[in-house]
Structure formats: C-alpha cells, structure tokens
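In: Return a 3D structure for these sequence lines:
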Amino acid sequence: SIDNVLTRIMAKSHLARLISPLRIGWKGGIYDENVHSLVLSEQQEHYQRMGFSEEAVRKINPGIIFVSISGFGESGPYSHKRVYDPIIQGLSGATDIQADRKTGRPNMFRIILADKVSALTAAQAISSALFHRERSGEGQHIRLSMLEATIAFLWPEGMSGLTFADQQVDIRKTFSSIDL
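Out: Presented below is the predicted three-dimensional model:
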C-alpha cells in the first residue's frame, strides 16, 4: 500500500517538520523495518550526520530501496552546489526548446519542470527496484541527478537534429519546435 512506500523528499530546511513517526517510518526513535524506500535529496553528507547513511539504514532493513537525488550527480565540479528548477531548465536545454521562435530569446517552462521530471523518474526507478527486490530479495541504491533526468526527458525534441553529426538539422525549424 502507499503507506508502506516512503516517498517524502527530505530537504534540509524542512527536516524537522518531516521527521515524525507517522511520516517517515520512525517508531519511538527506532526505524520501522516495514518502510520500503527512503528518498533523500540535496547533499548526502547532511543525512549521514543525522544517521541516515545507507550503511546505518541497511543494518535495520537490508532490503530497503535507498534513493539519492541530487542536482548534478554525486561527483564532479557541481556536485556540492545547490540547485533550483530554473538552473536545471537552463543547463538542460529546456530554455532553448521554449525559445521565442522570432527573437531566439530563451524562455523557461512556466512549471517546475525539472522537479516534476525528477520525481517521476524517481518513482519509476523505485517501482523497478521494488520489482527487482520481489524477485531477488535485494535492496538497491538509486542515484538520480535532476540534470540527467531532465536531459533524458527532453532528448527526443531537444536533440533530435543534433544526434548524428552527418545529419544535423536546425531543430528550431523541425516539427517538434512549432508553437502550438
């Protein structure tokens, strides 16, 4: 049931509000082994200091689906940077896909596109990991980058004309770029 799947993304600024026995599976300070997945966002060091390291959680529940969501991945020059949806939209090419066709000026989607795409990608990955665990008994660690999830989502429309070097097309003139 939905009560058995932990789908709360714990942001540092909201941690105190989210840590409650009913919301994340803690009973009297002891982690509830019936929780199926633990989803953490932002910098993982914060959660490790609070006792949410993968090692600590797996001691209680070896089959847990441990999900780490970051903006740019766990390594690299931007791995420790804070990220916001508009930044991911710009870096992923979303603003170019939404650009004004007359002026070429980049535009953002008027929704929190990267946040929603990342959440849906995480939900799909958790479903797959739960299926794997049902078959094998093993938990998994899913590592998700908001930037990578958004690029993957936008790839068919945003990069279709740039995929093959010998067949480059101006994507601003393709069918997928018309204003609807």
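In: Run a quick neighbour tally on the closest residue to Ser37 other than its chain neighbours.
Out: Closest residue to Ser37 apart from its sequence neighbours, by Cβ to Cβ, 6 or more residues apart in numbering: Ile65 at 3.8 Å. C-beta coordinates here come from the backbone N, C-alpha and C atoms, glycine included. A total of 25 residues lie near Ile65 under the criterion other Cβ atoms under 10 Å.
In: who's in contact with Ile65?
Out: The contact partners of Ile65, by Cβ atoms under 8 Å, 6 or more residues apart in numbering, come to His36, Ser37, Leu38, Ile126, Ala129, Leu130, Arg133, Gly139, Gln140, Ile142.
In: Show me what it bridges to in the sheet.
Out: Ser37, Gln140 (DSSP bridges).
In: I'd like to know how far it sits from Leu144.
Out: Distance, Ile65 to Leu144, by Cβ to Cβ, to the nearest Å: 12 Å.
In: go on, Ala94?
Out: Distance of Ala94 to Leu144, given as Cβ to Cβ: 17 Å.
In: neighbour-wise, which of the two wins?
Out: For Ala94 and Leu144, the more surrounded residue by other Cβ under 10 Å is Ala94, and the numbers stand at 26 against 19.
In: So what does that one look like in phi/psi?
Out: The phi/psi pair for Ala94 (degrees, to the nearest 10) reads phi -60, psi -40.
In: list the contacts for it?
Out: Residues in contact with Ala94, defined by Cβ under 8 Å, 6+ apart, are Ile88, Met108, Phe109, Leu113, Ala114, Thr150, Leu154, Gly158.
In: Report pLDDT for Ile151.
Out: In the prediction, the pLDDT value recorded for Ile151 is 94.
In: What helix or strand is it located in?
Out: In this assignment (DSSP states H and E), Ile151 forms part of helix 146-158.
In: Which among the contacts of Ala94 count as buried?
Out: Neighbour-count burial (16 or more other Cβ atoms under 10 Å) applied to the contacts of Ala94 gives Ile88, Leu113, Ala114, Thr150, Leu154, Gly158.
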